[in-house]
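# Next input, structure requested:
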Amino acid sequence: MRVGAFHASMPGYYATRLVELPELAAELGVGAVLVKDESDRLGLPAFKILGASWAVNCALSKRGGFDTPATGLPELRERVGNAAITLVTATDGNHGRAVARMAQLLGLAARVYVPAGTTAKTLEAIADEGAQVVQTELRYDDVVRAAASSTTNRPADILIQDTAWRGYEEIPQWIVDGYGTMFDEIDAQLGARAPDLIAVPTGVGSLLQAALQHHPSTGSGRRPSTKPAVLAVEPVTAACVTASLAAGKPISVDTSRPTSMAGLNCGTVSTIAWPAIRDTLAAAVVVTDDQAHTAMRRLHELGVPAGPSAAASLAGVRAALGDTSQRKALATRTDSIVVLISTEGAV
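Next up, the predicted model:
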């Protein structure tokens, strides 16, 4: 697949590990638990570079008049040449750093907007990639709007944002497509085995969309016998997917209450993710910071260096499978195979 081939052309590419943890399987009462560990993805501590790199490739290739994306990073460098282009984005950390890394690899400028409360460590990590960091006192959703507005009447700017809204959907879809490499790797690593349940930490829903896109027949409305079921896990303070499902339409939630799951602190579902979420998601569950940190400590004990957002997947599965009705709704049995997406390394 051309997305995977492009990623394979990037320096430091390898398929991140899918580690089996029998201790967690025993604790959860299932057949197997495997963790997709994204703590070292193309030299960065999170999966975001998969989406950012593919979207940058597609956007720059289209801008250069090419009909198809570059087959690899060397070809993309040739296409870009010495163009005076600035990649722009808003971020809570990992996506912005990934966009900045792509700019650095291609000899381009990057401008990254961050919300209030962004840690000094995160700011430094993005700046170390060579990006201009614009600090704000805004919440995440408002920072996204600020970054988008900043590109108005600036033809050298390209917004590389990992959420979609009406009129801005092409680049976010390319980001989702880029995340597909992770699920292709999981398929290859599982071999003849197939997961029964996949838990996905969820912010705006782009990674969740990638999971549902990869497994298009999943979901409570279209299963019951098709597998796997996909479970969305959100912070209780930023549960835009859960609230939207309850309302039957996309709604925004207030994210002013802080959460240590910074990568999931998003108040509005991506417009391109919503149809798949509405029609095919098996279930959504919310977790507290305490639950995420308890899960994170357990993963560390078992050798998985997960951050709070990443550990949400384990916290969510614990919560869902600990509820008899949800466990039944997810069709989880004592021989089920559960995959946890661990999206980032420890902070």
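# State the distance from the residue nearest the centre of the chain to residue 168.
Geometric centre of the chain, nearest residue: residue 207, 3.9 Å, by CA atoms, centre = their mean. Using CB to CB, to the nearest Å, residue 207 is found at 18 Å from residue 168. Where you see a C-beta, it was placed from the backbone N, CA and C, and this is true even at glycine.
# With residue 260 instead?
29 Å.
# more neighbours, these two?
residue 260 (18 against 15; other CB atoms under 10 Å).
# Surely that one and residue 293 touch.
Yes - here residue 260 reaches residue 293: they are 6.9 Å apart, a contact under CB atoms under 8 Å.
# secondary structure element for residue 334?
Assigned by DSSP states H and E, residue 334 falls within no helix or strand.
# Next up, the contacts around it.
29-31 (CB atoms under 8 Å, 6 or more residues apart in numbering).
# try it again with 10 Å
Counting by CB atoms under 10 Å, 6 or more residues apart in numbering, residue 334 touches 25, 28-31.
# Pull out the buried residues from the residues you listed.
Neighbour-count burial (16 or more other CB atoms under 10 Å) is assigned, among those, to 25, 28, 30-31.
# Using JSON lines, please lay out these together with secondary structure and distance to residue 278.
Listed next are these as JSON lines, based on DSSP: H, G, I helix; E, B strand; the rest coil; distance: CB to CB, whole Å:
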{"residue": "25", "secondary structure": "helix", "distance to residue 278": "31"}
{"residue": "28", "secondary structure": "helix", "distance to residue 278": "28"}
{"residue": "30", "secondary structure": "coil", "distance to residue 278": "27"}
{"residue": "31", "secondary structure": "coil", "distance to residue 278": "30"}
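# so where's the stretch 201-347 of the chain uncertain?
Counting by pLDDT under 70, the stretch 201-347 of the chain contains low-confidence ranges at 217-226, 347.
# Do a quick rundown of the helices in it.
206-214, 240-247, 274-280, 289-301, 308-321, 324-329 (DSSP state H, counting those that start in this stretch).
# which of those sits most buried?
Most buried of the helices of the stretch 201-347 of the chain by mean neighbour count (mean count of other CB atoms under 10 Å) is helix 308-321; its value is a mean of 27.
# Next, the angle helix 289-301 makes with it.
Following axes from the mean of the first three to the mean of the last three CA atoms, to 10 degrees, one obtains 100 degrees for the angle between helix 308-321 and helix 289-301.
# Show me what helix 308-321 is packed against.
helix 22-28, strand 32-37, strand 197-201, strand 229-235, strand 283-287, helix 289-301, helix 324-329, strand 337-342 (3 or more CB pairs under 10 Å, 6 or more residues apart in numbering; DSSP states H and E).
# Arrange those in a markdown table, one row each, with distance to residue 158 as further columns.
Putting these into a markdown table (distance: least, CB to CB, whole Å) gives the following:
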| stretch | distance to residue 158 |
| --- | --- |
| helix 22-28 | 42 |
| strand 32-37 | 30 |
| strand 197-201 | 27 |
| strand 229-235 | 30 |
| strand 283-287 | 32 |
| helix 289-301 | 34 |
| helix 324-329 | 42 |
| strand 337-342 | 28 |
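# for stretch 26-43, the distance to its chain's centre please.
Relative to its chain's centre, stretch 26-43 lies at 16 Å (CA atoms, centre = their mean, to the nearest Å).
# let's have the chain start at 55 instead
Sounds good: first residue 55 from here, last item stretch 80-97.
# average model confidence for it?
Mean pLDDT, stretch 80-97: 98.
# got the CA coordinates for it in PDB?
Written as PDB, here are the backbone C-alpha positions of stretch 80-97 (Å, rounded to 0.1, in the frame of the first residue of the first chain):
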ATOM      1  CA  ALA A  80      -6.000 -12.800  33.500                       C
ATOM      2  CA  GLU A  81      -7.000  -9.500  35.200                       C
ATOM      3  CA  LEU A  82      -9.700  -8.800  32.600                       C
ATOM      4  CA  GLY A  83     -10.900 -12.300  32.200                       C
ATOM      5  CA  VAL A  84     -10.200 -12.600  28.500                       C
ATOM      6  CA  GLY A  85      -8.000 -14.800  26.300                       C
ATOM      7  CA  ALA A  86      -5.300 -12.300  25.400                       C
ATOM      8  CA  VAL A  87      -4.400  -8.700  25.700                       C
ATOM      9  CA  LEU A  88      -2.000  -7.100  23.300                       C
ATOM     10  CA  VAL A  89      -0.700  -3.500  23.500                       C
ATOM     11  CA  LYS A  90       0.300  -1.600  20.300                       C
ATOM     12  CA  ASP A  91       3.100   0.500  21.800                       C
ATOM     13  CA  GLU A  92       3.500   3.800  20.000                       C
ATOM     14  CA  SER A  93       6.100   5.300  22.400                       C
ATOM     15  CA  ASP A  94       8.800   5.300  19.700                       C
ATOM     16  CA  ARG A  95       7.300   6.000  16.300                       C
ATOM     17  CA  LEU A  96       9.700   7.300  13.600                       C
ATOM     18  CA  GLY A  97      11.900   8.800  16.400                       C
END
